[in-house]
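In: Give me coordinates for this.
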Amino acid sequence: MNSSSATLLIEIGTEELPPLALRRLSETLGKEIRTNLDTVHLDYGEVSCFATPRRLAVLIADVQTEQAEREQIRRGPALKAAFDSEGNPTKAALGFARSCGISVEELEQDTGAEGGRLLFRKTEPGQPTTSLLSAIVSEALPRLPVPKRMRWADLAVEFARPVHWVVLLFGEETITTELMGVTSDRITHGHRFHCPTPLVIPDPTDYVRLLREEGHVLVDFDLRKDMIREQVQKAAQELGGQAIVSDELLEEVTALVEWPVAIAGSFDEEFLELPDKVLMGTMSGHQRYFPVQDQQGNLMPHFITVSNIESRNPDVVRSGNERVIRPRLADAAFFFDADLRHPLADHLEGLRSVVFQKKLGSLFDKSQRVSRLAQRIAETIANSLGDATDKEVAQATRAGLLCKCDLLTQVVGELPELQGYLGRVYGERTGEEAEIAQALEEVYWPRFAGDRIPTSRIGQAVAIADKLDSLVGIFGIGQIPKGDRDPFALRRAALGTLRILIEGKLDLSLPQLLNLATEGYGTLFNAEEVTPKVLGFMIERLRGYFAEQGIAHDVFTAVAARNPDRPLDFTKRVHAVAAFQKLPEAMSLAAANKRIQNILRQADFAISDQVKGSLLEEEAERDLAARVADLAPEVRQLLFQGDYTAAMRQLAGLRDSVDGFFDAVLVMAEDQQVKNNRFALLQSIHDLFSETADISCLAG
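Out: Numbers count the residues shown, from 1 in each chain. Just a heads-up that it's a prediction; the model follows:
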């Protein structure tokens with residue numbers, strides 16, 4: 001660290017920023033400022049990022065006040081090309097000297113590098129940090145992940161929201177420059193109502209304290225978040241309950257306030273007759289209120305709101321929020337009752353007017369495909385488990401047909417996040433069988449990483465059908481996800497399908513399922529083109545799935561080399577190889593298998609499928625052949641049962657015999673029959689291991 005340093009403060013003051021993007025904007029600003037400091041070779045200490053609805057700020061300790069001197073070295077032509085036989089400089093030397101702005105005589109001669117070269121050495125003095133800060137900040141702002149940029153007044157600049165002030169302080173010095181159409185200074189602004197007058201920041205280190213004590217602003221996002229959580233829970237406890245605090249809502253509310261004050265409110269008990277998630281969605285989704293439940297988990301007729309002002313009369317704030325929530329809940333009750341007047345099937349025709357994808361048709365078309373595919377998958381699941389029932393197949397068919405109908409209900413129109421949940425509720429209350437109603441919710445599971453998978457076989461069949469229909473359809477029209485773009489959430493659909501097959505213990509062939517899904521699109525595209533593309537895409541998701549479980553990359557590669565087409569079977573192999581890799585014999589056998597593969601590739605003859613005892617000349621090969629003969633029946637039985645872990649553990653017992661074979665036996669014997677027999681022995685070993693994975697892929 002340079003001995004001379006100061007604290008840097010950057011604050012961009014704006015109109016209210018988009019709350020869902022606030023944390024990412026803040027963290028990215030800090031990251032980009034650090035990157036720019038690194039680029040200009042300035043050392044710095046701790047970096048703190050701050051964010052409120054009206055500001056983004058970065059505070060960086062111990063920033064160098066001046067760049068260190070840097071030595072610039074340019075290598076010129078070789079000495080033999082720089083001077084002629086009489087020692088006079090050539091055109092190459094003169095040109096190099098001219099480009100450096102000096103004479104040939106002033107150039108150094110580096111005689112130690114490849115016969116010697118001309119060398120230009122120059123020490124560049126460091127620039128003061130104050131002269132660099134304007135560019136450091138201005139170059140960072142356009143790189144922020146702004147959801148939608150906007151312009152204001154007659155300015156050409158763009159940002160997430162109009163910029164009203166900029167603070168740029170370096171130690172006690174104000175850095176004056178124009179950023180986003182505003183001239184920077186040391187004046188900030190506190191809470192819009194509690195502190196209407198500007199605040200002068202004497203020193204960057206006073207920033208957090210000044211805004212808290214005089215500005216009524218808590219600039220630390222995480223501190224504000226913790227305070228809100230604590231206040232909300234305390235308010236709920238005073239009501240005799242506990243608040244339901246989701247991290248998503250807590251994050252959003254934190255991004256909406258600068259000086260949080262939790263206030264409890266109430267609503268009419270009659271609204272408790274609504275389904276819990278409708279109540280909670282109305283309170284949380286529309287009003288950003290935290291619901292309250294009792295000790296048994298039942299919703300109470302209360303909510304907690306977080307105000308952005310410390311009112312002298314909190315009862316006024318409370319009654320205002322209670323007046324707002326009542327019509328919201330009344331609307332939800334009205335819409336819910338109206339929805340219940342029509343069974344879900346009544347909405348099928350309406351799905352014709354809702355586009356799924358313009359090349360793939362409407363949601364009506366999709367529901368027809370999902371229904372047929374769910375039927376086929378339900379049959380496949382039942383057959384694989386040996387207990388096929390016509391009732392389950394019929395229920396899966398019906399659930400696939402109805403799974404998009406709740407999209408046209410009024411409550412889902414108001415609360416889209418309740419899609420699926422309300423499908424189940426409406427199904428149960430309008431006469432659908434319980435199993436079908438359950439599947440209408442489970443079709444969307446898992447919704448996110450770590451979410452639960454469908455628990456019913458009907459739900460699993462419909463969920464797989466819905467996801468695979470989207471995958472093959474979108475891939476079929478060439479809209480493969482690239483980079484961050486994935487508008488149809490195909491990565492989530494792929495991983496969700498894999499998780500259902502693996503964690504649901506469904507031992508089904510993935511290519512077979514993809515082919516069935518492709519059939520639903522008729523002649524629009526064919527399985528030979530689409531299935532391999534989707535399969536490769538899903539295998540990559542499988543790689544990530546195992547990586548999150550701590551499975552090494554080489555273990556996955558070893559199994560993938562055998563192209564298992566059933567994800568559940570793939571999983572068993574992966575865990576078997578991972579366990580095998582931990583055995584002391586593993587690396588020796590992996591190396592031996594690699595050697596065996598190399599030897600087998602050299603065969604210019606048909607390798608026999610039988611090892612003949614009469615041709616085993618060496619003791620080591622007789623020992624290995626005997627060990628293989630003893631182990632093979634048991635190993636094959638274990639492989640047939642899918643117990644790859646036990647099979648690999650048995651095969652690990654071959655290590656000493658394999659090592660002894662390679663130490664004592666020359667595979668390439670002069671006698672062709674003996675040579676062929678040894679190849680057959682090695683082939684038998686390779687085949688036993690390869691049933692599970694290509695262990696030669698394992699790292700040493």
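
In: Start and end of stretch 261-276, how far apart?
Out: Start to finish, the residues bounding stretch 261-276 are 26 Å apart (C-alpha to C-alpha, to the nearest Å).

In: Please apply the same query to stretch 259-268.
Out: 29 Å.

In: where does it sit relative to the chain's centre, distance-wise?
Out: 35 Å (C-alpha atoms, centre = their mean, to the nearest Å).

In: Show me what counts as buried in that stretch.
Out: Judged by neighbour count using 16 or more other C-beta atoms under 10 Å, the buried positions of stretch 259-268 are 259-265, 267. C-betas here are computed from N, CA, C, even on glycine.

In: Kindly reformat the residues you listed as a markdown table containing distance to Ala332.
Out: Below are those laid out as a markdown table (distance: C-beta to C-beta, whole Å):
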| residue | distance to Ala332 |
| --- | --- |
| Trp259 | 31 |
| Pro260 | 27 |
| Val261 | 27 |
| Ala262 | 24 |
| Ile263 | 22 |
| Ala264 | 21 |
| Gly265 | 17 |
| Phe267 | 11 |
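
In: list the contacts for Gly361?
Out: Val355 (C-beta atoms under 8 Å, 6 or more residues apart in numbering).

In: Give the bridge partners for it, please.
Out: Gln357 (DSSP bridges).

In: Need the contact partners of the one helix or strand Asp687 maps to.
Out: Asp687 belongs to helix 672-690 when assigned by DSSP states H and E. With contact meaning C-beta under 8 Å, 6+ apart, helix 672-690 is reached by 562, 589, 593, 596-597, 599-600, 603, 605, 607-612, 615-617, 621, 624-625, 628, 631-632, 635-636, 651, 654, 658, 665, 667-669, 695.

In: what does stretch 79-93 give?
Out: Under C-beta under 8 Å, 6+ apart, the answer for stretch 79-93 is 76-77, 96-97, 104, 107, 109, 111, 115-118.

In: Pull up the distance across that stretch, start to finish.
Out: End-to-end for stretch 79-93, by C-alpha to C-alpha: 9 Å.

In: Buried residues in it, which are they?
Out: Here stretch 79-93 shows 79, 82-83, 89, 93 as buried, counting by 16+ other C-beta under 10 Å.

In: Ser26 belongs to a helix?
Out: Yes - per DSSP: H, G, I helix; E, B strand; the rest coil, Ser26 lies within a helix segment.

In: Name all residues that make contact with it.
Out: 49-51, 56, 221.

In: give the contact list for the residue nearest the centre of the chain.
Out: By C-alpha atoms, centre = their mean, the chain has its centre lying nearest to Ala449, at 8.4 Å. Contacts for Ala449 (C-beta under 8 Å, 6+ apart) come out as Leu495.

In: Against Leu79, how distant is it?
Out: 62 Å (C-beta to C-beta, to the nearest Å).

In: what do you get for Ser319?
Out: Taken as C-beta to C-beta, the span from Ser319 to Leu79 is 90 Å.

In: What are the boundaries of the strands in the stretch 51-200 of the chain?
Out: With strands called from DSSP state E, counting those that start in this stretch, the stretch 51-200 of the chain shows them at 55-64, 70-78, 108-110, 117-124, 163-170, 173-174, 178-179, 182-183, 187-189, 198-200.

In: quick one: low-confidence parts of the protein?
Out: Counting by pLDDT under 70, the low-confidence segments of the chain come to 1-3, 113-114, 388, 700.

In: can you do 80?
Out: 1-3, 71, 111-115, 385-389, 484, 604-605, 700 (pLDDT under 80).

In: Which helix runs longest in it?
Out: helix 314-339 (DSSP state H).

In: so how far is stretch 125-138 off the chain centroid?
Out: The answer for stretch 125-138 is 36 Å, by C-alpha atoms, centre = their mean.

In: which of the residues in it are buried?
Out: 126, 129-130, 132-134, 136-137.

In: ok so, going back, tell me which of the buried residues of stretch 259-268 fall in strands.
Out: 261-265 (DSSP state E).

In: was I right about Arg328 contacting Gln287?
Out: Yes - assessed by C-beta atoms under 8 Å, Arg328 is found in contact with Gln287 at 6.6 Å.

In: related to what we said a few turns ago, so which of the buried residues of stretch 259-268 comes closest to Val163?
Out: Trp259 (21.9 Å; C-beta to C-beta).

In: show me the contacts for the closest one.
Out: Trp259 touches 191, 194, 216-218, 308-310, counting by C-beta under 8 Å, 6+ apart.

In: one more time with 6 Å
Out: Residues counted as contacts of Trp259 (C-beta atoms under 6 Å, 6 or more residues apart in numbering) are 191, 216.

In: And for Ala6?
Out: Per C-beta under 6 Å, 6+ apart, neighbours of Ala6: 65, 170-171.

In: go with 7 Å
Out: 63, 65, 170-171 (C-beta atoms under 7 Å, 6 or more residues apart in numbering).

In: can you pick the most crowded of these?
Out: Within the contacts of Ala6, most neighbours by other C-beta atoms under 10 Å means Val63, with 23 neighbours.

In: Do I have it right that that residue meets Pro128?
Out: No - under the criterion of C-beta atoms under 7 Å, Val63 is not in contact with Pro128, lying 11.6 Å apart.

In: Distance check, the residue lying closest to Gln72 once chain neighbours are set aside against Thr39.
Out: Excluding the flanking residues, the one nearest Gln72 by C-beta to C-beta, 6 or more residues apart in numbering is Lys122, at 4.6 Å. In this structure, Lys122 and Thr39 are 20 Å apart, going by C-beta to C-beta.

In: pretty sure Gly522 is in a helix, no?
Out: No - assigned with three-state DSSP, Gly522 falls outside any helix and is coil.

In: Would you list the phi and psi of it?
Out: phi 60, psi -130 (degrees, to the nearest 10).

In: Quick one: end-to-end length of stretch 191-207, please.
Out: Per C-alpha to C-alpha, the first residue of stretch 191-207 is 14 Å away from its last.

In: should've said stretch 81-96
Out: Stretch 81-96: ends 12 Å apart by C-alpha to C-alpha.

In: Just want the phi and psi numbers for the residue in the chain sticking out farthest from the centre.
Out: Centroid-distance maximum for the chain: Glu86 at 67.6 Å, with C-alpha atoms, centre = their mean. Note on Glu86: backbone dihedrals following degrees, to the nearest 10 are phi -100, psi 0.
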